Each structure stands twice: as C-alpha cells, then as structure tokens.
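Chemist: only the shape, not the letters, is given here:
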C-alpha cells in the first residue's frame, strides 16, 4: 500500500530515547499508512546500532551520514520521502498511538498543527490552543509571529509534501533552523488548521547540553529572527510590528541565557547590545502586538536578566497551560 505520511527522524546520540520514540511510531493506529525515515547524523554512541536493528521492518528506512547537523539529516529525509505528507519528529520525543490518525482525519488546507505536551521531570504541561482553529492569508504569518496558537517548531505538525517542493532546511544555520524552515513554508500557504491535541510529547531533558551550558550556536538564532523581520518588512509590511516583537523575544532569551550561564565576560559586546535594545524597546508596542506572556517576559528582562531567567526556568513561563484564541 502506498504510504501517506513520511515521518523523518534525525538521530544524533539518542541511544537512551530511540526505542521509545520508534516504538511510539510502530504503535500508530494508521501504521500501514506511514513510512519511517531514520537518519543517523554520525552518532558517536550506540544509536547507529539501534537503528540498524530496525532495518528489517518493511516501512522503515535507515540512512547513515557523517555528522553534519540536524538540518542535513532532515534534508536527507525530505529527499527520500515518498508520502503525500511529511512529519518531523525529534528522536528523544514520542507520540500517542492515534496521533497521526487524528491529524489525517482533520487535515485540510496546507498544514495541520496538533500542539504538544512539554514533559518535564516532575510535570507535564500541555502547549495547545483552546479549540480547533483555521487561519488564512496574512493571519497565518501573524500567528507565527505571535506564537499564541502556533509553535515555531516543525515537530507537532503535518506538512503537505507538494508545498515543500524544493524547500530544504538551511544547513548554514545551527540554531532556530526549524523556525526559519517553518516561516518559509508558511509563506507558501494560504490556509492552515490548528488542533487542541497535545499528543506529541516533547521531552524537556534537563541533562541535555543545551540546558546546562550556553551554546554559542544560540547567537545564530538572532540571525534567523533578523532575517525573518527583514522578510516581513518586504512582503508583509503591515505585520512589521509583530515581527519586531517576535525578534525581541529571542533577544530576551539569548540575553537571559548569557547571564544565567555566566558568559557575560566572553560575550560582553553582544550582551551589552542586547541589554540596550531590550531596555529601549517600547512596552506599549509590545502590549499592542504581542501576547501577555511575552509582554511580561520583556518587562522582566528590562528589570533584570536574573529575574527573567528565574521566572522562565522556575515557573516554566516558556510554556503555559493553555493557549487562548
């Protein structure tokens, strides 16, 4: 039977999580409609061996490549995908058994998003909208910038392959590459649907390197947001204020993390520039063109990067219980 969904999973040193992730896919109620594309990005642990153990499954393809990053791995998946739809799953996450059945049943337009549940060590926090929502035209880009109902990641979504059509992840980007890919895809669409599912489980691994040290690649996320703002100014000038507010959100995150991980001395010029931009950003513009959560985050960053990070980390402000329309 011809496969409807191509699920692309980039893998890098994920030996602890791989079996759970893959098992959740093999347990799908519509597994007969799914092809699973596993791309080993030059793992140094036992991930490669684990993947090879799945090579005999008829709906699983395994590819090995030297370590070139998640974008390269996802691009290999895109080039080999045969399904009508494409989904991306991170190798340390998992999905509920009827996840794809739900997305297929509801698919209309050119993208469907099911939201996700953030899994912390001691709690689960749903990151979903309050009700089924359809967006059209410029409102799609507006929602992408506001992040009220649509998360700026490629996981938790089902893409139409015909709309991807030659679109690939920018392998020159080392951070926020999925945000940029999603933005470029949304520019091609005129309708999307968002569901209050939360059946994609996004693992917030406290032992991961990016949660315990400052990764220099995070500076690259500022480049992504700047590119998006420039593109918005050219293509959607009426949405420029929303883009500016989205960009300052990323600047707050990088500013807070430079402080939190004790890297102010090493990145002093960037830290000072971010501090200046955050201090001078108009709160009233933020109130008008952004969500209350992100407005509050800006205000705390203006006061202190220490306070910003305390609220972000200890109160889990990065994810709230429920998005409102």
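Modeler: Arrived safely, thanks for sending. Fair warning: this is a prediction, and the values are worked out from it, not measured in the lab.
Chemist: could you pull out the helices for this protein?
Modeler: Secondary structure of the chain (DSSP state H): helices at 18-26, 47-52, 70-80, 99-106, 138-146, 161-164, 177-186, 219-235, 240-260, 268-280, 283-289, 292-303, 305-314.
Chemist: dump those helices into TSV; add mean neighbour count, distance to residue 125 and mean pLDDT as well.
Modeler: Yep, even glycine has a C-beta here, placed from its N, CA and C like the rest. Listed next are these as TSV, based on neighbours: other CB atoms under 10 Å; distance: least, CB to CB, whole Å; pLDDT from 0 to 100:
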stretch	mean neighbour count	distance to residue 125	mean pLDDT
helix 18-26	18	19	98
helix 47-52	18	28	97
helix 70-80	20	24	98
helix 99-106	19	18	97
helix 138-146	20	19	97
helix 161-164	14	30	96
helix 177-186	21	20	98
helix 219-235	17	22	96
helix 240-260	22	18	97
helix 268-280	14	26	97
helix 283-289	15	24	97
helix 292-303	18	13	94
helix 305-314	17	13	89
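Chemist: out of the ones you listed, which is closest to residue 194?
Modeler: Residue 194 sits nearest to helix 138-146 of all the helices of the chain, at 8.1 Å, using CB to CB.
Chemist: let me know the pLDDT of the nearest residue to residue 136 once chain neighbours are set aside.
Modeler: Leaving aside its sequence neighbours, residue 136 sits nearest to residue 191 (CB to CB, 6 or more residues apart in numbering; 5.1 Å). Model confidence at residue 191, expressed as pLDDT, equals 97.
Chemist: next: the one 3 residues further on.
Modeler: Residue 194 carries a pLDDT score of 97 in this model.
Chemist: let me know whether it touches residue 132 as I believe.
Modeler: Yes. If you go by CB atoms under 8 Å, residue 194 and residue 132 touch, sitting 7.2 Å apart.
Chemist: compare those two and say which one has the larger neighbour count.
Modeler: The neighbour comparison of residue 194 against residue 132 (other CB atoms under 10 Å) goes to residue 194, with 27 against 12.
Chemist: what about residue 61, neighbour count?
Modeler: 18.
Chemist: hang on, I meant residue 261
Modeler: 16.
Chemist: what do you get for the one 3 residues further on?
Modeler: Counted with other CB under 10 Å, the burial measure for residue 264 works out to 16 neighbours.
Chemist: for it, what are its contacts?
Modeler: Residue 264 sits next to 258, 271 when contact means CB atoms under 8 Å, 6 or more residues apart in numbering.
Chemist: so how far is residue 281 from it?
Modeler: Per CB to CB, to the nearest Å, residue 264 is found 20 Å from residue 281.
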